[in-house]
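Q: Coordinates only, no sequence provided:
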Ligand code: NAP
């Protein structure tokens, strides 16, 4: 009798093993598809990361998500695609035969969430992106790939905005915070990629009343679920895309690569993760 096939399992590698919503998301989809697979959180310290990733399959995994503090180092231990290289960080690893490949799914998470929440958003020519950290790179890559530009990159630390603009070329313009008064009345997409507005962080002071009536506002922060920025935009009747939607959409590709089925982001899944976020408040 042939040996029974082992159930495929993926994991999230981080240090420390922070509370994550990824197990809820992947367990929900495994159940939906009737796949007897698994998804666990693996606490791996920096000194053990290279060994763990180089022997991922021996540790019993068909692939993994990677989170803080390992996302940059994962690039050096795998074959990263253009997206992971452009963002400078990988969040998803999978095997292509014996080769361990890496990508960054924040790009499609951001774009697919916008498509779902605000169809037609890409009719905008210009956009303002607040922030110049890791998530801003993913957002800018996605916007440029979709044909949006110029992207005005507004960041507290000018050098960081300049470095990111240099990487992406002339369609990205580094701007100071003081330029918002002039920019907001003419852009139809505003994206917050800073941690401002997040629980425990200072508020994001910005007047959404300056935006045109057709503008779309996206916020990557998802704790709280409705940030003051999104609340103000909705109160003005603007369309919005929230950080939880991005988080759910970025998980789709990993699941497909590991388990061979493309899952959907449904209201049922969203309600499950929302309940967990509310319970953690
Ligand atoms: P990061 O690399 O640390 O960048 C943080 C950004 O916030 C920088 O541009 C920083 O500006 C700015 N910032 C922080 N405090 C500020 C302050 N007091 N005033 C003005 N600017 C400030 O972080 P990240 O990885 O890009 O993540 C940013 C946010 O996105 C976090 O809230 C994270 O949870 C969220 N996120 C969500 C998703 C999702 O799926 N929804 C995915 C990724 C990230 P300086 O350069 O001047 O320091």
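A: Received it, and whenever you're ready, just let me know what you need. For clarity, every value in this text was computed on a predicted model and none was experimentally measured.

Q: For the rest of this, base every contact and every neighbour count on C-alpha atoms.
A: OK.

Q: Give the full set of residues in contact with residue 30.
A: By Cα atoms under 8 Å, 6 or more residues apart in numbering, the contact set of residue 30 is 36-38.

Q: show me the contacts for residue 60.
A: residue 9.

Q: circling back: what's the PyMOL syntax to select whichever of the contacts of residue 30 are buried?
A: Filtering those down to the buried ones (16 or more other Cα atoms under 10 Å) takes a single PyMOL command:
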select buried, resi 37+38
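
Q: Out of the contacts of residue 30, which is nearest to residue 127?
A: Minimum distance to residue 127 across those is 39.7 Å, recorded for residue 38 (Cα to Cα).

Q: so the closest one makes contact with residue 9?
A: Yes: counting by Cα atoms under 8 Å, residue 38 sits close enough to residue 9 to count as a contact (4.4 Å).

Q: any idea which element residue 108 lies in?
A: Take DSSP states H and E as the rule and residue 108 turns out to sit in helix 106-117.

Q: outside of stretch 137-157, which residues touch it?
A: So stretch 137-157 is contacted by 83, 86-87, 104, 106-108, 110-111, 122, 124-132, 161, 164-165, 168, 171-177 (Cα under 8 Å, 6+ apart).

Q: I'd like the mean pLDDT over it, please.
A: Taken as a whole, stretch 137-157 carries a mean pLDDT of 96.

Q: Could you list the buried residues of it?
A: 137-143, 148-155.

Q: Return the subset of these lying in strands.
A: Judged by DSSP state E, strands contain the following of those: 151-154.

Q: how about those in JSON lines, adding distance to residue 21?
A: As requested, those are exported to JSON lines (distance: Cα to Cα, whole Å):
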{"residue": "151", "distance to residue 21": "31"}
{"residue": "152", "distance to residue 21": "32"}
{"residue": "153", "distance to residue 21": "29"}
{"residue": "154", "distance to residue 21": "30"}
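
Q: residues touching residue 209, list them.
A: By Cα under 8 Å, 6+ apart, the neighbours of residue 209 are residue 236.

Q: Could you rerun that using 10 Å?
A: 184-185, 232-233, 235-236, 238 (Cα atoms under 10 Å, 6 or more residues apart in numbering).

Q: could you dump the residues you listed to CSV with neighbour count?
A: Below are these laid out as CSV (neighbours: other Cα atoms under 10 Å):
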residue, neighbour count
184, 21
185, 15
232, 17
233, 22
235, 12
236, 13
238, 20
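
Q: and the ligand, which of those residues contact it?
A: By Cα under 6 Å from any ligand atom, no member of these lies near the ligand.

Q: And the helices in the protein?
A: 22-33, 46-54, 73-76, 82-87, 106-117, 134-145, 158-168, 180-183, 228-235, 243-259, 267-279 (DSSP state H).

Q: how about these, which one is nearest residue 210?
A: helix 180-183 (7.5 Å).
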